[in-house]
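>>> fold the following, please.
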Amino acid sequence: MTSTEGLNYPQAGATRLGPLPDGYHHLHHRTRIGRGRPAFETAGAAVTSWRMHRASGARVDASTTRAEPGSAVEVSLGIGPVRFRAPCRVIWTAYERDRTGFAYGTLTGHPERGEECFVVEFGDDGSVWFTVMAFSRPDRWYTRLAGPLVPLLQRLYARRLGATLRRLAAEADTGGTGGPRWSGSRHPSTG
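Just a heads-up that it's a prediction; the model follows:
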């Protein structure tokens, strides 16, 4: 199966190569989530292993344990019977020294048509940044009816993902203890 099989839009890969296509709502959200290589590695792993989505409250069913081109992914949000399902396919991935992430594209049955990428980058100054970039337009009656509310909800969800990654990166920096992680075998205050 190819990474573009079953997509319900023709511009596969535009979030990687740009520019974003006309005729869609565009989303670009970038936020600083931490500092240092451990924060970058933790955030990159959280993005590509679906942990970020799950930790933000989404349900994720994926055909692979980490993002790979061609992976089938269904993200769903909601409570009980009021759950919106969003079937997608991973289009591209980046597993680089200073850049980790992926993009998925919408499949038939998704409430929208388009593509969204989630990328963590390690800056020259040691800062760690998270970017969500997407293009989409309604594909169901209820997303058309919701009109301008959908892009607003997408921006809010992108911010939530950024906050989730910031928390996960902070846990990596503190070793999950709430305080600084000490290297070596002894804590500096106990000698």
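
>>> packing partners of the lengthiest strand in the chain?
Counting residues, the longest strand in the chain under DSSP state E turns out to be strand 82-95. When contacts are defined as 3 or more C-beta pairs under 8 Å, 6 or more residues apart in numbering; DSSP states H and E, strand 82-95 packs onto helix 14-17, strand 72-79, strand 99-106, strand 112-122. The way it works is simple: take the backbone N, C-alpha and C, and place the C-beta from them, glycine included.

>>> run through the residues that contact Y157.
By C-beta atoms under 8 Å, 6 or more residues apart in numbering, the contact list for Y157 reads S56.

>>> pLDDT weak spots in this structure?
Residue ranges of the chain with pLDDT under 70: 1-2, 173-191.

>>> any idea which residue sits dead centre in the chain?
F118 (3.8 Å; C-alpha atoms, centre = their mean).

>>> quick check: the gap between it and I79.
24 Å (C-beta to C-beta, to the nearest Å).

>>> surely G34 meets R166?
Yes - between G34 and R166 there is a contact under C-beta atoms under 8 Å: 6.5 Å.

>>> the more surrounded of these two?
More crowded of G34 and R166, by other C-beta atoms under 10 Å: G34, with 24 against 18.

>>> give me the three-state assignment for the more buried one.
At G34 the chain is in strand, as set by DSSP: H, G, I helix; E, B strand; the rest coil.

>>> contacts only, for the closest residue to it other than its chain neighbours.
The shortest distance from G34 to any non-neighbouring residue, by C-beta to C-beta, 6 or more residues apart in numbering, is to A169 (3.7 Å). When contacts are counted by C-beta under 8 Å, 6+ apart, A169 touches 33-34, 39-40, 42-43, 128.

>>> highest neighbour count among these?
Of all the contacts of A169, the highest neighbour tally under other C-beta under 10 Å goes to A43, namely 30 neighbours.

>>> surely that residue is in a helix?
Yes - secondary structure of A43 (three-state DSSP): part of a helix.

>>> surely it meets V120?
Yes - judged on C-beta under 8 Å, A43 makes contact with V120 at a distance of 4.5 Å.

>>> next, show the common contact partners of these two.
33, 100, 128, 130, 165.

>>> any idea how far R16 is from the first one?
Computed as C-beta to C-beta, the I33 to R16 distance reads 21 Å.

>>> related to what we said a few turns ago, the contacts of A169 into JSON lines, with extra columns for distance to H53?
Formatted as JSON lines, these follow (distance: C-beta to C-beta, whole Å):
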{"residue": "I33", "distance to H53": "15"}
{"residue": "G34", "distance to H53": "19"}
{"residue": "A39", "distance to H53": "19"}
{"residue": "F40", "distance to H53": "19"}
{"residue": "T42", "distance to H53": "15"}
{"residue": "A43", "distance to H53": "13"}
{"residue": "V128", "distance to H53": "18"}
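
>>> any idea how far G126 lies from G109?
Distance from G126 to G109, by C-beta to C-beta: 42 Å.
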